[in-house]
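**Q** what shape does this take:
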Amino acid sequence: MTGDLDLPDDGSASARDDGSAPSRAERFRIAAVRGAARARELDRSPALQRAVKRLRETLPGDAHFGDPLSLGGARHTEAAGRAIVGLTGDRPGVVRELGLGGVQVWQSLLERLGRGGGEHEVVLVFTDLVEFSRWSLEAGDDEVLRVLRQVGEVWEPPMTERAGTVVKRLGDGLMVAFADPRGALDAVFEARRRLAALRVDGWSPRMRAGLHVGRPRRVGGDYLGVAVNVAARLGDAARADEVLVSGDFLGRLDARTVSARRRRRLHLKGVPDALEVYAVEPAQG
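**A** A predicted model of the protein is given here:
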């Protein structure tokens, strides 16, 4: 280069310092730089951002798609959302909102076609270990970690072998989602049977479980809603080796395959008052 170009505010390119005219390539570069600057300016425009957000609220699907809670899963829509957030950075912008809006509509379409799970009936299972916290206080971190790994190797396979999806691990517990009520209950019974054979120095792991069926809201890789709360409360209320289910769940089983006993005088916070609760076991004979 024989001299620098001046870039006046009107977007034109003046001559070099030596008085010669800029080449076509230089003029193209200058135009590209100014175009990019203008695009960044529009992308950060508060007025345009507000307009796009209002547009997203009118589109089908979750208008808040793009926050950390909605991007925690492994589905294609969540992966695409994470890619958009990663490419556009943490700064809000029009391009980011438009991209997430497109994925929002895509996710909604998949749910309508039966592939999103947001509007479909789901069996929710919560399991945990009875008196684990008391034992862990004296066991030490290394021993607790070793036992939790052993427990996971024992009770997770029965869930996944019956098409269950482990939604999350809750320290000494699991949240698992199923499509089939019978498969969910069989998985819990089998997990309990396998866990009973596990022996730990000074402690015998014993599980309890709660099962409910409903239509929770799918948010990222998690589920939210009353149905989740009901299943979790049932799990908390169960005794050692006890499996509690809701009346809604029990009604989806063949009554000949289970033995059910009504649990009365059971007060659960955050669940419908009319909820019926049963302790169930495999039918004998």
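
**Q** ok, and the closest non-adjacent residue to R233?
**A** Nearest non-adjacent residue to R233, counting by CB to CB, 6 or more residues apart in numbering: L268, 4.3 Å away. Bear in mind the C-beta positions are built from the backbone N, C-alpha and C, glycine included.

**Q** am I right that the one you found is in a helix?
**A** No - under DSSP: H, G, I helix; E, B strand; the rest coil, L268 sits outside any helix and is assigned coil.

**Q** what's the neighbour count on it?
**A** 18 (other CB atoms under 10 Å).

**Q** ok, it - contacts?
**A** Counting by CB atoms under 8 Å, 6 or more residues apart in numbering, L268 touches V230, R233, L234, A237, L275, V277.

**Q** please apply the same query to P282.
**A** Contacts of P282 (CB under 8 Å, 6+ apart): F189, T257, V258, S259.

**Q** give me the buried subset of those.
**A** Buried by 16 or more other CB atoms under 10 Å: F189, V258, out of the contacts of P282.

**Q** could you dump the contacts of P282 to CSV with distance to L211 and pLDDT?
**A** Output for the contacts of P282, formatted as CSV (distance: CB to CB, whole Å; pLDDT from 0 to 100):
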residue, distance to L211, pLDDT
F189, 11, 97
T257, 14, 93
V258, 11, 95
S259, 15, 96
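
**Q** from the contacts of P282, which ones fall inside helices?
**A** F189 (DSSP state H).

**Q** now a ChimeraX select for only the buried ones of the contacts of L268.
**A** Buried subset of the contacts of L268, written as a ChimeraX selection, criterion 16+ other CB under 10 Å:
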select :230,233,234,237,277
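
**Q** just give me the closest of the contacts of L268 to G210.
**A** Of all the contacts of L268, G210 sits closest to L234, with 2.7 Å by CB to CB.

**Q** which elements pack onto the one helix or strand that closest one maps to?
**A** If you go by DSSP states H and E, L234 is part of helix 226-237. Helices and strands touching helix 226-237, by 3 or more CB pairs under 8 Å, 6 or more residues apart in numbering; DSSP states H and E, are strand 122-129, strand 173-178, strand 207-214, strand 243-246.

**Q** tell me which other helices or strands the next helix or strand after the first one touches.
**A** Same thing as strand 122-129. Using DSSP H and E, the helix or strand that follows strand 122-129 towards the C-terminus is helix 132-139. On a contact count with 3+ CB pairs under 8 Å, 6+ apart, helix 132-139 meets no helix or strand.

**Q** can you list contacts of helix 132-139?
**A** For helix 132-139, using CB under 8 Å, 6+ apart, the contacting residues are V144, V147, D172, G202, W203, P205.

**Q** of those, buried ones?
**A** Neighbour counting over these (16+ other CB under 10 Å) leaves V144, V147, D172, W203, P205 as the buried ones.

**Q** among those, find the lowest-pLDDT one for me.
**A** Lowest in pLDDT among the buried ones among the contacts of helix 132-139 is W203, which has 77.

**Q** pull the number of nearby residues for the residue lying closest to it once chain neighbours are set aside.
**A** The shortest distance from W203 to any non-neighbouring residue, by CB to CB, 6+ apart, is to W135 (4.6 Å). Number of residues near W135 (other CB under 10 Å) recorded here: 19.

**Q** in TSV: the helices and strands packed on helix 226-237, plus mean pLDDT and distance to G220.
**A** Formatted as TSV, the helices and strands packed on helix 226-237 follow (pLDDT from 0 to 100; distance: least, CB to CB, whole Å):
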stretch	mean pLDDT	distance to G220
strand 122-129	96	15
strand 173-178	95	13
strand 207-214	96	18
strand 243-246	98	25
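
**Q** these: which one's closest to V151?
**A** Comparing these by CB to CB, strand 122-129 comes nearest, at 6.8 Å.

**Q** direction included, what does that closest one pair against?
**A** strand 173-178 (antiparallel), strand 207-214 (antiparallel) (DSSP bridges).

**Q** out of the ones you listed, deepest packed?
**A** When you average the neighbours per residue for each of the strands paired with strand 122-129 (mean count of other CB atoms under 10 Å), strand 207-214 leads with a mean of 26.

**Q** pull the distance from it to the chain's centre.
**A** Offset of strand 207-214 from its chain centre (CA atoms, centre = their mean, to the nearest Å): 19 Å.
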